[in-house]
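A.B. asks: coords below, sequence missing:
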């Protein structure tokens, strides 16, 4: 029999040891690993709530939430993030409940059910689930009749094993236009010297590569009128800490791509269980011109490197950039979802009362007083 408990987290080190034990038995993503989840956890989860499923005294599923309390409504629990924008700038994807392999659907449903309706809930809690896959979305819908999908995005990926199975070159499966653009871009960059990729081999070198990536990334986004991820100091601090945690475990790739001495771009990827995850990048768009495609060239060089290094999937994560679509074989969907805290019948009752107030002679004045 499965039992699910909710409890505050007071010792992240102890939780980390339990999380790693379950991680070894689960088919989770990098974003469900303790490398990611435990990174600056005491700072990122100011009011942490753990959902833990056990069977015969053994942990079979874990989900870490941060709670935001509301005076006039039910609490909100955020799965794998905080609900505080500055702390959630290290955006999460492939989010979900960590569960033993083969039991994910039932255990995810049980943990979400406990988080929504568990002890001291009062009214049903609101749950916010960011970057979840179709399977977790289905579990959420089993728990809540009204599930609001705020946003969905495609996550393209390249199947590197298909080339090995078919004994073909990766480029053979790309469109003629993609092959032409890639070869033209590579030739144009080669005017500066041979194309080369270097992976950061030490923690110190990885930190240096990330520091070099940041201004390239910022330059791209400020031109578009956006602040860029590194505008918030916490984003850089989080990822420098993540490098310290993940590089010794072989879970971080900082890849620097050059043409001779000319820098084309830097990729900040994760490596986890045969997948390479393209998380962040900085490209020299300013010096590229019209014929050079830094994103296309850098990711192709990375795909070649990861193929030789034994990766089976090169995952572009969420986002429909053209170069991602051009270099990918397939895609999956990720969703940003809310399970509302107030049941539909309650909301309809509130709307009816509000409507009556608005229609009454004194209703407008009363509503304005409430809003103030």
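C.D. replies: Received the coordinates, thanks. Since the model is a prediction, treat every value here as computed from it, not as a measurement.

A.B. asks: could you list the buried residues of stretch 305-324?
C.D. replies: For stretch 305-324, the neighbour count (16 or more other CB atoms under 10 Å) marks 305-307, 311-318, 323-324 as buried. C-beta here means a position set from N, CA and C on the backbone, and glycine is covered the same way.

A.B. asks: also stretch 51-58?
C.D. replies: Within stretch 51-58, the residues that count as buried by 16+ other CB under 10 Å are 51, 52, 53.

A.B. asks: what packs against the lengthiest helix in the chain?
C.D. replies: Longest helix in the chain, counting residues (DSSP state H): helix 203-223. Where contact means 3 or more CB pairs under 8 Å, 6 or more residues apart in numbering; DSSP states H and E, helix 203-223 is packed against helix 233-246, strand 252-259, strand 262-272, strand 275-283.

A.B. asks: what's the angle from that helix to strand 275-283?
C.D. replies: On the basis of axes from the mean of the first three to the mean of the last three CA atoms, to 10 degrees, helix 203-223 is oriented at 60 degrees to strand 275-283.

A.B. asks: now helix 203-223: how far from the chain's centre is it?
C.D. replies: Here helix 203-223 is found 19 Å from its chain centre; the criterion is CA atoms, centre = their mean, to the nearest Å.

A.B. asks: for it, which outside residues touch it?
C.D. replies: Helix 203-223 has contacts (CB atoms under 8 Å, 6 or more residues apart in numbering) with 200, 227-231, 236, 239-240, 243-244, 247-248, 252, 254-256, 263, 265-266, 268, 280-286.

A.B. asks: same thing but at 7 Å, please
C.D. replies: Contacts to helix 203-223, defined as CB atoms under 7 Å, 6 or more residues apart in numbering, come from residues 200, 227-231, 236, 239-240, 243-244, 247, 252, 254, 256, 265-266, 268, 280-286.

A.B. asks: before we move on, back to that, dump the buried residues of stretch 305-324 to CSV, plus pLDDT and distance to residue 296.
C.D. replies: Below are the buried residues of stretch 305-324 laid out as CSV (pLDDT from 0 to 100; distance: CB to CB, whole Å):
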residue, pLDDT, distance to residue 296
305, 95, 15
306, 95, 16
307, 92, 16
311, 95, 19
312, 95, 22
313, 96, 19
314, 97, 13
315, 97, 17
316, 96, 12
317, 96, 17
318, 94, 19
323, 82, 5
324, 88, 10
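
A.B. asks: where helices are concerned, which of the buried residues of stretch 51-58 count?
C.D. replies: Going by DSSP H, the helices hold none of these.

A.B. asks: what residues of stretch 211-226 count as buried?
C.D. replies: Going by neighbour count (16+ other CB under 10 Å), the buried part of stretch 211-226 is 213, 214, 216, 217, 218, 220.

A.B. asks: show residues contacting stretch 132-144.
C.D. replies: Contacts for stretch 132-144 (CB under 7 Å, 6+ apart): 94-96, 104-105, 108-109, 112-113, 116, 129, 147, 332-335, 337, 339.

A.B. asks: ok, 8 Å please
C.D. replies: With CB under 8 Å, 6+ apart, stretch 132-144 has contacts from 79, 94-97, 104-105, 108-109, 112-113, 116, 124, 127, 129, 147, 149, 332-337, 339-340.

A.B. asks: about what we covered before: can I get the helices and strands packed on helix 203-223 in JSON lines including mean pLDDT, mean neighbour count and distance to residue 137?
C.D. replies: Listed next are the helices and strands packed on helix 203-223 as JSON lines, based on pLDDT from 0 to 100; neighbours: other CB atoms under 10 Å; distance: least, CB to CB, whole Å:
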{"stretch": "helix 233-246", "mean pLDDT": "97", "mean neighbour count": "18", "distance to residue 137": "26"}
{"stretch": "strand 252-259", "mean pLDDT": "98", "mean neighbour count": "23", "distance to residue 137": "29"}
{"stretch": "strand 262-272", "mean pLDDT": "97", "mean neighbour count": "23", "distance to residue 137": "22"}
{"stretch": "strand 275-283", "mean pLDDT": "96", "mean neighbour count": "24", "distance to residue 137": "20"}
